[in-house]
Structure formats: structure tokens, C-alpha cells
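Chemist: sequence and predicted structure below; questions after.
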Amino acid sequence: MNNKNSGCAMAIGGILILGALLWIVGVALWALAIVVPLVGLFFGVSLFVEALKAHNSNQQYRAAEDELEALVQDASFDLSETIIRWDSLMLTKGIGTALEGKEQLAESIHLQLRATHELLEVASTPSQQIDAVSNADALRLKAQSYL
């Protein structure tokens, strides 16, 4: 008789152990049902904050880029005016200026002015544009010192 009762006890014990395991799995699933949305919410908010930072950074970059473009256009306009005046000086051979009798120097500066103006037009990266504007302003001041 003991063999028949112990089999029944083992079945009941197995059912209780299986029930306990399923209860633990159920608690774990409830915990995951709470944790997963909270983690998702946290990552969603962090992505939103990062996107906001990137948007603000992009606006600042565009503002700086627009300011640099205006600077390039202004330098190009100033250099064009200097080239026009220098063209007139080349026609008159510098008579009445400090370049009178120095045609080679005048021609050299004239070529530099045109090359620098061309560099201003083709500069595409911000560092190239800054260098071109700096060179254009320096050359323009040098050229105007002779006028």
C-alpha cells in the first residue's frame, strides 16, 4: 500500500513544484510588464532630448554658415571694387600714383587681385572660405595703399 500512496504524493508534490515555478514566471512577467514600458519611456525621452540638442546645434551651424556666406559676398564685392579701380590704374599706367613707372609691380598685384577674387568664388568649405576672405582683405588693403 505504501507504493500506491507514495506515487500519489509524488504527483501532488510535482504539481505543487510546477505551480510554484509557474507562479515565479508569472511574477517575473508582471515585473517585465512594468519595467519594459518604463525603460522604453526613458529611452524615448533621451532620444527626444538628443534630437532637440542636434536641432539647436544645426540652427547654430546654419546661422554661422549664413554669416560666413555674407562675409564672403561682402569680401567679393569689396575686392571687385578694388579690381575695377585697379583696372583703371592699369590703363593709366599708374600716372600720378605711387606705381608710376612700376608696371611690373602693378601687373603682379592686378593678377593677385583677380586670382584672389576667383578663390573667393570657388571656396566651398568653411575653412577655405575663411582663408579666402582673410587673404582677400589683406590683398585689398595692400592694393588700396597704392591707390
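Modeler: All right, it came through fine.
Chemist: which residues in this protein form helices?
Modeler: Ranges of helices within the chain are 2-91, 103-122, 126-146, based on DSSP state H.
Chemist: how about those in JSON lines, adding mean pLDDT and distance to Thr97?
Modeler: Where you see a C-beta, it was placed from the backbone N, CA and C, and this is true even at glycine. Shown next, in JSON lines, are the helices of the chain (pLDDT from 0 to 100; distance: least, Cβ to Cβ, whole Å):
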{"stretch": "helix 2-91", "mean pLDDT": "87", "distance to Thr97": "7"}
{"stretch": "helix 103-122", "mean pLDDT": "86", "distance to Thr97": "9"}
{"stretch": "helix 126-146", "mean pLDDT": "87", "distance to Thr97": "6"}
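Chemist: in this protein, which residue is most central in space?
Modeler: Taking Cα atoms, centre = their mean, the centroid of the chain lies closest to Tyr61, which sits 6.0 Å from it.
Chemist: quick check: it vs Ile83, distance?
Modeler: When distances are taken as Cβ to Cβ, to the nearest Å, Tyr61 and Ile83 turn out to be 32 Å apart.
Chemist: what's near enough to touch Asp78?
Modeler: Ala136, Asp137, Arg140 (Cβ atoms under 8 Å, 6 or more residues apart in numbering).
Chemist: the closest residue to the last one other than its chain neighbours: what's it in contact with?
Modeler: Yep, that's Arg140 we're talking about. Of all residues beyond its chain neighbours, the one nearest Arg140 is Thr82 (5.0 Å), with distances taken as Cβ to Cβ, 6 or more residues apart in numbering. The neighbours of Thr82, taking Cβ under 8 Å, 6+ apart as the test, are Leu113, Arg140, Ala143, Gln144.
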